[in-house]
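Student: Just a sequence and a predicted model for now, questions to come.
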Amino acid sequence: MKNFIPIVLLFLTFFGCQEELRLDLIEYPGSGIYGVNLLDSTLTVYQHSAVSFSAILGEEASLRVKVVGASWRFTSSSMTQWTTGGFNDADNSRIFTSIATGSLDGKFEIYPRTTLDILVYENGSDGPSWSKSVTVE
């Protein structure tokens, strides 16, 4: 029995901690506080409704999202974990930048018969890390 504890500790040291913790990891849940997530990269068709603008950021992660298109708005009071850039009339866009880590969310309203482009810049990247076009029915 006295050899059991050192063997367990040796096993955990070599086999139990092989996965490196990524502090810059960003995840996009399927839904958030306000409904389905506009930042879920797998969803491209939405219904007219309120949706979440949700991401989970590791301790050293940062996120910038450009929303392009007409017929949408956000609720300022719900965007406490984001800074919102000014509206760009040239391409109907606005840029949202994370100012916190952990679980971030905000409320968006999207309106029918429109298309939005979502460009996502992760961890300070100059070009989009990923993007998608969204159709609102």
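Tutor: Structure's in. What do you need?
Student: Please pull out the lowest mean pLDDT helix or strand from this structure.
Tutor: Per-element confidence for the chain was summarised using mean pLDDT, DSSP states H and E. The lowest value among helices and strands belongs to helix 4-11, with a mean of 48.
Student: what's the spacing between the helix or strand just after it and its chain's center?
Tutor: Tracing the chain C-terminally past helix 4-11 and defining elements by DSSP states H and E, one meets strand 26-27 next. Strand 26-27 has its C-alpha centroid displaced from the chain centroid by 6 Å (CA atoms, centre = their mean, to the nearest Å).
Student: Which other helices and strands does strand 26-27 contact?
Tutor: Counting contacts by 3 or more CB pairs under 8 Å, 6 or more residues apart in numbering; DSSP states H and E, strand 26-27 packs against strand 55-57. Using the backbone N, CA and C atoms, a C-beta is placed for each residue, glycine as well.
Student: What strands line up against whatever helix or strand V120 lives in, and which way round?
Tutor: Taking DSSP H and E as the definition, V120 sits inside strand 114-122. In the sheet containing strand 114-122, its partner strands are strand 63-68 (antiparallel), strand 130-136 (antiparallel), by DSSP bridges.
Student: low pLDDT regions in this protein?
Tutor: Of all residues in the chain, those with pLDDT under 70 make up the ranges 1-21.
Student: Okay then, goodbye and thanks.
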